[in-house]
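Engineer: I would like to see how this sequence folds:
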Amino acid sequence: MTKIAVVPGSFDPVTLGHLDVIARAAELFDEVHVLVVHNPDKKAALFDAGDRVRLIEESLTEVGVPGTVVVGEWTAGLLVDYCRQVGSKILVKGVRSGEDVAYETPMAIMNRHLAGVETVFLLPDAARAHVSSSLIRQVSGLGGDVTPYVPQVVARALADRH
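Structural biologist: Model (predicted):
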């Protein structure tokens, strides 16, 4: 039986921290679906969903993430509906802090209740635990160097935006 994990996120933009979580998920599961989803709690996106999918795909190639990784977007309903569609019982979430765990826990419990989908939390690489997409957008927007935290394809896309 193939173990499929879904790694959802807004990925606006994808960072090396995200890619670390995706790579480690790819080592743990037979197939990983990286899913760009809309987060209603977040402001307007810098990149549209199609651009984020493309940046993730190009970033996976750039950093050499092994295994079977499928990248797409989901706007058609609940995340657990996508999990049912692809036969996954596992969500993988990267958590940087206790605040992230507190935010993700109620959703994890609801996903288990709604569809029997379990959530696996992966801790970040210590060198990137402070990095978030919103911080990257802010630093880049103010002219700072984000190249230590994002793939080159993302750094170029950010530079083109600012």
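
Engineer: Show me what the longest helix along the chain packs onto, helices and strands only.
Structural biologist: Ranked by residue count under DSSP state H, the longest helix found in the chain is helix 98-115. Using 3 or more CB pairs under 8 Å, 6 or more residues apart in numbering; DSSP states H and E, the elements in contact with helix 98-115 are helix 79-86, strand 90-94, strand 118-122. No exception for glycine: its C-beta is placed from N, CA and C like everyone else's.

Engineer: and it, how far out from the chain's middle?
Structural biologist: 16 Å (CA atoms, centre = their mean, to the nearest Å).

Engineer: Which positions in stretch 91-99 come out as buried?
Structural biologist: 91-95 (16 or more other CB atoms under 10 Å).

Engineer: Can you report phi and psi for the nearest residue to residue 111 once chain neighbours are set aside?
Structural biologist: Spatial nearest neighbour of residue 111, excluding adjacent residues (CB to CB, 6 or more residues apart in numbering): residue 117 at 4.5 Å. Dihedral pair for residue 117: phi -90, psi 120, per degrees, to the nearest 10.

Engineer: give the contact list for residue 117.
Structural biologist: Listed by CB atoms under 8 Å, 6 or more residues apart in numbering, the contact set of residue 117 reads 80, 83, 88-91, 111.

Engineer: Quickly note the distance from it to residue 86.
Structural biologist: 11 Å (CB to CB, to the nearest Å).

Engineer: Residue 96 too?
Structural biologist: 27 Å.

Engineer: Kindly present the buried residues of stretch 91-99 as TSV, with separate columns for pLDDT and distance to residue 49.
Structural biologist: As requested, the buried residues of stretch 91-99 are exported to TSV (pLDDT from 0 to 100; distance: CB to CB, whole Å):
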residue	pLDDT	distance to residue 49
91	98	19
92	98	20
93	97	19
94	96	19
95	95	23
